[in-house]
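K.L.:
Sequence first, then the predicted structure:
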Amino acid sequence: MSESKPRIFSGMQPTGTLHIGNYLGALRNWTQIQYDYEPIFCVVDLHAITLYQDPAELREAIDRTAALYIAAGIDPEHSAVFVQSQIAGHVELSWIFTCCTPLGWLNRMTQFKAKSEKQKQESVGTGLLAYPVLMAADILLYQAKIVPVGEDQSQHLELTRNIAERFNHLYGDTFVVPETRLPAVGARIMGLDDPTQKMSKSSENPNHAVSMLEAPSRIKKLFGRAVTDSNPAVDYETMGDGVKNLLAIYQAFSGDANDRMRAEFEGMRYGDLKKRVTEITVAKLEPIQAKYHELMADRGELHALLARSADRIRPWAEETVQLAKRRTGLFVN
Ligand code: TYM
């Protein structure tokens, strides 16, 4: 573990159970690049409460998300794995940034528009609007250079860069301006019921997403029902979004090159394609699920591990908060 390596930061919301979009778009990428960096992986519980969460379910989802990080291959001896609310600096820095973020920047965020449309804007918590500022604080608190995420977070990352630059401009060079890192394949996995919508945890359709903890028989059913198109078999020239998505899921799991994919799947009937996608998904998720259940069986050890990570990196957060406070003229002891 070398302090001289650049830091990476990323996080996921502990709502429901992570799905294969979260895994292929972000988590698997984290496991692959972790040893090249000083990695920090956070369970962002403060983000989750921007929409009401049942407290007991939230508490459980925090453990579930942390356990899935480790089960998927995040090495807690190397990478920091912790929960956002364990480190107060996220909220402290977030307030400082809230005060230098123009309201117009937040009003433009498409995720806010989409999520607040579901509820009436008037009744939505202010946190939902301020959410991208907290996200900027998460990243800049650790002076992270690289942020590995799926494509849907690109706009939030752009805002993070804008906030860093604005603060640096107002108060002098303080924050590293981070870069977005998308995976080569799998950056945007679509819903199985509707391949024009990205796979998300909040869909009400039970045929929409494949959770990382899904049983093999259910995975088979979900892919069996996945929307394709009016062709009977894969045609690379005319295929629709549903077939593209199934191929992307296979390719993201297998790591096969484009030409190998085409040689293998061109002309394959959809029934066989779905069978192949099911097989690879089950094979890749099974060992993760086994490790997950082991980790969840010993909550004491899981919580101790989160505490060790948080204790190790808290000084990094405190250093940044002190610096930001000094730069802005706030009282520092
Ligand atoms: P969240 O919890 O919605 O998603 C976690 C990660 O999964 C990726 N992802 C996807 N990738 C591909 N296809 C999909 N269908 C798909 N759905 C989700 C997301 O891009 C993300 O990388 N705001 C963030 C959490 C966050 C964060 C941060 C991330 C808070 N602070 C700081 C990075 C750095 C979010 O809600 O992700």
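P.N.:
Looks like it arrived, so ask away. Residues are numbered from 1 along each chain as shown.

K.L.:
Show me what the lowest-mean-pLDDT helix or strand in the chain is packed up against.
P.N.:
Least confident helix or strand of the chain, by mean pLDDT, DSSP states H and E, is helix 110-118 with a mean of 82. Counting contacts by 3 or more C-beta pairs under 8 Å, 6 or more residues apart in numbering; DSSP states H and E, helix 110-118 is packed against helix 126-140, helix 154-171. The C-beta positions use only the backbone N, C-alpha and C, and glycine is treated the same way.

K.L.:
again, 7 Å this time
P.N.:
Helices and strands touching helix 110-118, by 3 or more C-beta pairs under 7 Å, 6 or more residues apart in numbering; DSSP states H and E, are helix 126-140.

K.L.:
average pLDDT for the helix it packs on?
P.N.:
Mean pLDDT, helix 126-140: 96.

K.L.:
can you pull out the helices in the stretch 201-333 of the chain?
P.N.:
Secondary structure of the stretch 201-333 of the chain (DSSP state H, counting those that start in this stretch): helices at 216-224, 241-254, 258-265, 270-296, 299-328.

K.L.:
now the angle from the least confident helix or strand of the chain to helix 126-140?
P.N.:
Angle between the axes of helix 110-118 and helix 126-140 is 160 degrees (criterion: axes from the mean of the first three to the mean of the last three C-alpha atoms, to 10 degrees).

K.L.:
on that earlier part again, just say which of the helices of the stretch 201-333 of the chain is most tucked in.
P.N.:
Stretch with highest mean neighbour count among these: helix 241-254 (a mean of 21; mean count of other C-beta atoms under 10 Å).

K.L.:
contacts for that one?
P.N.:
20, 24, 185-186, 189-190, 195-196, 226-229, 234, 261, 265, 273-274, 276-277, 280-281, 284 (C-beta atoms under 7 Å, 6 or more residues apart in numbering).

K.L.:
now, which of the residues you listed lie close to the ligand?
P.N.:
Contacts with the ligand within the contacts of helix 241-254, counted by C-beta under 6 Å from any ligand atom: residue 189.

K.L.:
Tell me where the model's unsure across the protein.
P.N.:
Judged by pLDDT under 70, the chain has its weakly predicted residues at 1-3, 120-121.

K.L.:
What are the structural domain limits within it?
P.N.:
Annotated domains of the chain cover 7-182+299-328, 216-293 [automatic domain parsing].

K.L.:
Just name the most buried of these.
P.N.:
domain 7-182+299-328 (a mean of 18).

K.L.:
Straight-line length of it, end to end?
P.N.:
24 Å (C-alpha to C-alpha, to the nearest Å).

K.L.:
Also stretch 87-103?
P.N.:
By C-alpha to C-alpha, the extent of stretch 87-103 from end to end equals 26 Å.

K.L.:
chain center to it: distance?
P.N.:
Remark: stretch 87-103 is offset 21 Å from the chain centroid, using C-alpha atoms, centre = their mean, to the nearest Å.

K.L.:
now the angle from the least confident helix or strand of the chain to helix 154-171?
P.N.:
120 degrees.

K.L.:
Close to the ligand: what parts of this structure are there?
P.N.:
Near the ligand, when you scan the chain using C-beta under 6 Å from any ligand atom, you find 9-13, 21-22, 25-26, 44, 47, 135, 138-139, 147, 149-150, 152-153, 156, 187-189, 198-199.

K.L.:
mind running it again at 5 Å?
P.N.:
10-13, 21-22, 25-26, 44, 47, 135, 138, 149-150, 152-153, 188-189, 198-199 (C-beta under 5 Å from any ligand atom).

K.L.:
Mind checking which of those residues land in helices?
P.N.:
Under the assignment DSSP state H, the residues of the chain next to the ligand contribute 21, 22, 47, 135, 138 to helices.

K.L.:
measure the closest residue to the ligand within the stretch 201-333 of the chain to residue 61 for me?
P.N.:
When scored by C-beta to the nearest ligand atom, the stretch 201-333 of the chain has residue 201 as its residue closest to the ligand, at 7.3 Å. Separation of residue 201 from residue 61 (C-beta to C-beta, to the nearest Å): 10 Å.

K.L.:
Could you do residue 134 as well?
P.N.:
Distance from residue 134 to residue 61, by C-beta to C-beta: 18 Å.

K.L.:
again, but for residue 262
P.N.:
39 Å.

K.L.:
again, but for residue 286
P.N.:
22 Å.

K.L.:
what kind of secondary structure is residue 51 in?
P.N.:
Secondary structure state of residue 51, per DSSP: H, G, I helix; E, B strand; the rest coil, is coil.

K.L.:
Let me see the backbone angles for it.
P.N.:
Main-chain torsions, residue 51, degrees, to the nearest 10: phi -120, psi 140.

K.L.:
contacting residues for it?
P.N.:
residue 128.

K.L.:
same thing but 8 Å
P.N.:
Applying C-beta atoms under 8 Å, 6 or more residues apart in numbering to residue 51 gives the contacts 15, 115, 125, 128.

K.L.:
Out of those, which comes closest to residue 100?
P.N.:
Distance to residue 100, by C-beta to C-beta, is smallest for residue 128 among the contacts of residue 51, at 19.8 Å.
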